[in-house]
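1. Show me how the following folds:
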Amino acid sequence: MYGFESLTFNINDGFLEAVVRGYRSGLLTGADYHNLCQCETLDDIKLHLSGTDYGNFLENEPSPLRTTTIVEKCTEKLVSQYKYLRCQAMYPLSTFLDYITYGHMIDNIVLIVTGTLHERDTQELLDKCHPLGLFDSIATLAVAQNMRELYRLVLIDTPIAPYFADCITSDDLDDMNIEIMRNTLYKAYLEDFYKFCQRLGGATATIMCELLSFEADRHAINITINSIGTELTRDDRKRLYSHFGFLYPYGHEGLAVCTDFDEVRTAAEKYQPYHLIFSRLGYGENQLLDKVFYQEEAKRLSLSFEQQFHYAVFFAYVRLREQEIRNLMWISECVAQDQKSRIHDGIQIQTSNPILFAGGPEVRATRSDGPESGAQGGPTGQGARCDGPLTRAVRCDHRPEVRATRSDGPGTETRVQWTKEIREEDVGAKVQ
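-> Next comes the predicted model:
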């Protein structure tokens, strides 16, 4: 697997690779999670985390603790580690690390545009943005009235400006166009990241192209499942699929014409590794699909550390740390809401590795005012890396979600990501 890049890799990047491998050794182990699951209060969780790599990061937080405080402080630690790596990196590693944040930028843009469309306060929306996806002009997103203004006034100077080439054809900013924009941007981002990794060559290209291919396929499958029964046509779906991946191109042809989950399963099972993934599910069990996808992703990310002299370890570490934060959010929610019987539903232990990874189809954060207000699922995927109606569990990526139903009509949903506080007032609606 090693090529000539191994001869010179350590000159510029060897130190940072050692640092990120040290960070990885600080991820919570299975024993840590076993102890966390036995905690009775959030203060017990705080006490246990103080004996891990997190240290005394909550020592200045008064009691009683809140779940969102734990999540916020854990995220601050991840951001601090990322910034240290980024400021020490030289090209091309610096550019590679920048690519890791572009998915968060897309999520933040969609969050602010959607919130502005529904007349949310701009500062409130900024507080909910993921810190890895912030950029200087993000606060001015609220002034845009259509796609062209959004690009011309705000996004033209951002790194993701080239991804908007296919998005500015629609003038109106409504819920459907925003969702199409989200998925079009994410498609362009994945394709650009994929091409960049190919240009790097060596072990980085080999490992990252496989990880990104799996991400692109999961994105396509989730778009297909969540667009069943909607007004999206076959051609609309195909335009949202990335032009690479294990399913590309013939698998995309099959997915584009699917009308139910079992047809999606049949189309995807023809390709590895999706035959093994779907074999873990019974027919019609699409609710568990996201959980299985996150288990597979966790395994692939963990395996990337088995080789040296490549950049994929930086990508894998950020993703694994984000999954760990979602695990902590899930455990904290279950403890705070006295739902400990469900504490293992949203997390999965990788038996071949002591590190515990997140699973579950979705984090549905709710109020803690009753036994039925428990969180449900696991990560959203980009976080739902793209967790709108079309990609409810994609990516990414990634981040806690508040799902709410607005009071302006049946079936109208708004999704607010990376909430600073989990409460009804954050979305101005009744939380399901």
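2. for stretch 107-123, which positions count as buried?
-> 107-116, 120, 122 (16 or more other CB atoms under 10 Å). Bear in mind the C-beta positions are built from the backbone N, C-alpha and C, glycine included.
3. Next: stretch 328-342.
-> Buried, per 16+ other CB under 10 Å, within stretch 328-342: 328-337, 339.
4. Using CSV, lay out these together with distance to Lys291 and secondary structure.
-> Shown next, in CSV, are these (distance: CB to CB, whole Å; DSSP: H, G, I helix; E, B strand; the rest coil):
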residue, distance to Lys291, secondary structure
Leu328, 18, helix
Met329, 16, helix
Trp330, 12, helix
Ile331, 16, helix
Ser332, 19, helix
Glu333, 17, helix
Cys334, 16, helix
Val335, 21, helix
Ala336, 22, helix
Gln337, 20, coil
Gln339, 17, coil
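5. Show only the entries of the buried residues of stretch 107-123 found in helices.
-> By the criterion of DSSP state H, membership of these in helices covers 107-116, 122.
6. which one among these gets closest to Arg148?
-> Val113 (13.4 Å; CB to CB).
7. Identify each of the strands in the stretch 201-350 of the chain and give its residue range.
-> Using DSSP state E, counting those that start in this stretch, the strands found in the stretch 201-350 of the chain span residues 347-349.
8. Quick one: the helices in it, in order.
-> Remark: helices assigned in the stretch 201-350 of the chain by DSSP state H, counting those that start in this stretch are 202-227, 234-240, 250-256, 261-268, 274-279, 289-303, 312-336.
9. Quick one: work out the angle between the last one and helix 202-227.
-> Pointing back at helix 312-336 there. 40 degrees (axes from the mean of the first three to the mean of the last three CA atoms, to 10 degrees).
10. tilt between helix 312-336 and helix 289-303?
-> 130 degrees.
11. which pair in the ones in helices among the buried residues of stretch 107-123 spans the largest distance?
-> Spanning the widest gap among those are Asp107 and Thr122, at 16.5 Å by CB to CB.
12. doesn't Leu42 make contact with Ile70?
-> Yes. Taking contacts as CB atoms under 8 Å, Ile70 lies within contact range of Leu42: 7.0 Å.
13. Now list whatever residues contact both of these two.
-> Both Ile70 and Leu42 are contacted by Ser332, under the criterion CB atoms under 8 Å, 6 or more residues apart in numbering.
14. Please identify which of the two sits among more neighbours.
-> Comparing Ile70 with Leu42 by other CB atoms under 10 Å, the one with more neighbours is Ile70, at 25 against 22.
15. Would you mark the buried spots in the strand or helix carrying the more buried one?
-> Following DSSP states H and E, one finds Ile70 within helix 67-88. Within helix 67-88, the residues that count as buried by 16+ other CB under 10 Å are 67-75, 77-78, 81-82, 85-86.
16. before we move on, what about stretch 57-70?
-> In stretch 57-70, counting by 16+ other CB under 10 Å, buried: 57-58, 61, 65-70.
17. again with stretch 133-140
-> Buried positions in stretch 133-140, judged by neighbour count with 16+ other CB under 10 Å: 133, 135, 138-139.
18. Please save the CA atoms from it in CSV.
-> Extracted C-alpha coordinates of stretch 133-140, given in CSV (Å, rounded to 0.1, in the frame of the first residue of the first chain):
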residue,chain,number,x,y,z
GLY,A,133,-18.5,25.6,9.7
LEU,A,134,-18.4,29.3,10.6
PHE,A,135,-17.0,31.9,8.2
ASP,A,136,-16.7,35.7,8.3
SER,A,137,-19.8,36.7,6.3
ILE,A,138,-22.2,34.1,7.7
ALA,A,139,-24.2,36.6,9.7
THR,A,140,-25.2,38.4,6.5
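19. And the contacts of it?
-> The contact list for stretch 133-140, computed with CB under 8 Å, 6+ apart, reads 101-109, 112, 122, 126, 129, 153-155, 157-159.
20. From these, keep the buried residues only.
-> Those of the contacts of stretch 133-140 that meet the buried threshold are 101-109, 112, 122, 126, 129, 154-155, 158-159, by 16+ other CB under 10 Å.
21. thinking again about what came up before, ok, the buried residues of stretch 57-70 vs Glu191, which is closest?
-> Nearest to Glu191, judged by CB to CB, of the buried residues of stretch 57-70 is Thr68 at 34.5 Å.
22. circling back: would you list the ones in helices among the buried residues of stretch 107-123 in TSV and tack on distance to Cys37 and pLDDT?
-> Shown next, in TSV, are these (distance: CB to CB, whole Å; pLDDT from 0 to 100):
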residue	distance to Cys37	pLDDT
Asp107	29	94
Asn108	32	92
Ile109	36	89
Val110	34	90
Leu111	31	91
Ile112	36	88
Val113	38	85
Thr114	35	86
Gly115	35	87
Thr116	40	81
Thr122	39	81
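23. out of those residues, which one sits closest to Leu232?
-> Nearest to Leu232, judged by CB to CB, of those is Val110 at 17.5 Å.
24. what's the closest non-adjacent residue to the closest one?
-> Once flanking residues are discounted, Val110 sits nearest to Arg182: 4.7 Å by CB to CB, 6 or more residues apart in numbering.
25. And the one you found, which helix or strand is it part of?
-> Using DSSP H and E, Arg182 falls in helix 175-200.
26. tell me what that helix is packed against?
-> Applying 3 or more CB pairs under 8 Å, 6 or more residues apart in numbering; DSSP states H and E, one finds that helix 175-200 makes contact with helix 93-117, helix 202-227, helix 234-240.
27. average pLDDT across that helix?
-> Average pLDDT, helix 175-200: 92.
28. Show me what counts as buried in it.
-> Using 16+ other CB under 10 Å as the test for burial, helix 175-200 gives 177-194, 196-197, 200.
29. Distance check, Lys238 against Asn177.
-> 18 Å (CB to CB, to the nearest Å).
30. For this protein, give me the ranges with low pLDDT.
-> 1-3, 145, 166, 168-173, 283-287, 348-432 (pLDDT under 70).
31. ok, now which residue in it is the farthest from the centroid?
-> Here the centre of the chain is the reference, and by CA atoms, centre = their mean the most remote residue is Leu7, at 34.3 Å.
32. which element is it on?
-> Using DSSP H and E, the element containing Leu7 is helix 5-12.
33. Show me what counts as buried in that helix.
-> 5, 9.
34. All good on my end, thank you.
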